[in-house]
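> sequence first, then the predicted structure, then my questions.
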Amino acid sequence: MTQYQEMKSMLRSHAEYVSVQFRGDKPAIRQSINDYTDSICKDYKASEYHRDLLSNYACKLHPKN
């Protein structure tokens, strides 16, 4: 598993967790997903390219309106 795939998997797991914890609070879920994305990118020293990919993926995990 590549570093990017590992970060993506962690982000997906986090999104599932916060969706349960903050059920119905869409802004809190979005903020948590975005904060976690930033955090793992810094922790893993992700390249700008992988940061962009992960940020785009994070948007797909946001709850729909």
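Everything's here; your move.
> and residue 48, how far from residue 25?
31 Å (C-beta to C-beta, to the nearest Å). C-beta: built from backbone N, CA, C; applies to glycine.
> for those two, indicate the residue with more neighbours.
residue 25 (14 against 8; other C-beta atoms under 10 Å).
> how about the helices in the protein?
3-21, 26-43, 48-61 (DSSP state H).
> could you dump those to TSV with mean pLDDT?
TSV is the format used below for these (pLDDT from 0 to 100):
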stretch	mean pLDDT
helix 3-21	97
helix 26-43	97
helix 48-61	97
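> run through who's touching stretch 9-28.
1, 29, 32-33, 36-37, 40, 54, 57-58, 61-63, 65 (C-beta atoms under 8 Å, 6 or more residues apart in numbering).
> what about 6 Å?
29, 32-33, 36, 40, 61, 63 (C-beta atoms under 6 Å, 6 or more residues apart in numbering).
> hmm, which of the residues you listed are the buried ones?
Buried members of the contacts of stretch 9-28, counted by 16 or more other C-beta atoms under 10 Å: 29, 32-33, 36, 40, 61, 63.
> and those, which two are the farthest apart?
Using C-beta to C-beta, the buried ones among the contacts of stretch 9-28 span at most 19.8 Å, a distance reached by 40 and 63.
> so residue 51 makes contact with residue 41?
Yes - if you go by C-beta atoms under 6 Å, residue 51 and residue 41 touch, sitting 4.9 Å apart.
> how much space between residue 7 and residue 31?
Taken as C-beta to C-beta, the span from residue 7 to residue 31 is 19 Å.
> so for the two, which sits in the more crowded spot?
residue 7 (22 against 14).
> the more buried one contacts residue 41, doesn't it?
No - using C-beta under 6 Å, residue 7 is not in contact with residue 41; the gap is 7.3 Å.
> got TSV for the buried ones among the contacts of stretch 9-28, with distance to residue 14 too?
TSV is the format used below for these (distance: C-beta to C-beta, whole Å):
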residue	distance to residue 14
29	10
32	7
33	7
36	5
40	8
61	9
63	14
